[in-house]
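1. would you be able to build a 3D model of this:
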Amino acid sequence: MRFLIRWIITAIALVVAVLIVPGIDIQSNAWITVAAMALILGLVNTLVRPILQFLSCGLIVATLGLFLLVINALTLWLSSTIAQDWFHVGFVVDGFWPAFWGALVVSVVSFLLNVFVPDAEQQA
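-> As a prediction, this is how the structure comes out:
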């Protein structure tokens with residue numbers, strides 16, 4: 001159940017990013033595209049993001065954590081590329097800067113929506 005809630009939150013955050021950030025577009029069936037992209041983004045964040053953070057931990061420390069914004073942008077951009085090339089899902093991020101601003105929007109919206117989701121430890 002928790003996975004489904006997180007997936008819906010990510011999908012909502014992606015819709016907000018599409019609406020706000022120029023350079024991020026949906027080219028096919030909107031709901032299917034957003035659902036697939038949310039799943040792909042979740043997998044990339046689970047598998048690739050920790051590797052990127054480990055490899056760039058010096059930059060993260062040197063920039064006081066601001067390099068994490070670049071990592072978020074790269075994971076969004078990578079997810080869009082995977083969605084287009086491997087799964088033929090029409091979620092397009094036009095470059096680094098749309099990915100940067102889109103990742104920032106997705107992070108903020110996800111954070112705000114996750115505030116309303118109780119932790120599993122609080123439910124027990």
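
2. excluding covalently adjacent residues, which one is nearest to residue 25?
-> Distances taken as C-beta to C-beta, 6 or more residues apart in numbering put residue 92 closest to residue 25, at 4.8 Å, once the chain neighbours are dropped. (Each C-beta comes from the backbone N, C-alpha and C, glycine too.)

3. quick one: list the elements packing against the helix or strand where the one you found lies.
-> According to DSSP states H and E, residue 92 maps onto strand 91-93. When contacts are defined as 3 or more C-beta pairs under 8 Å, 6 or more residues apart in numbering; DSSP states H and E, strand 91-93 packs onto strand 24-26, helix 30-47, helix 67-85.

4. would CSV of these with mean neighbour count, mean pLDDT and distance to residue 60 be doable?
-> As requested, the helices and strands packed on strand 91-93 are exported to CSV (neighbours: other C-beta atoms under 10 Å; pLDDT from 0 to 100; distance: least, C-beta to C-beta, whole Å):
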stretch, mean neighbour count, mean pLDDT, distance to residue 60
strand 24-26, 18, 95, 25
helix 30-47, 17, 94, 16
helix 67-85, 19, 96, 5
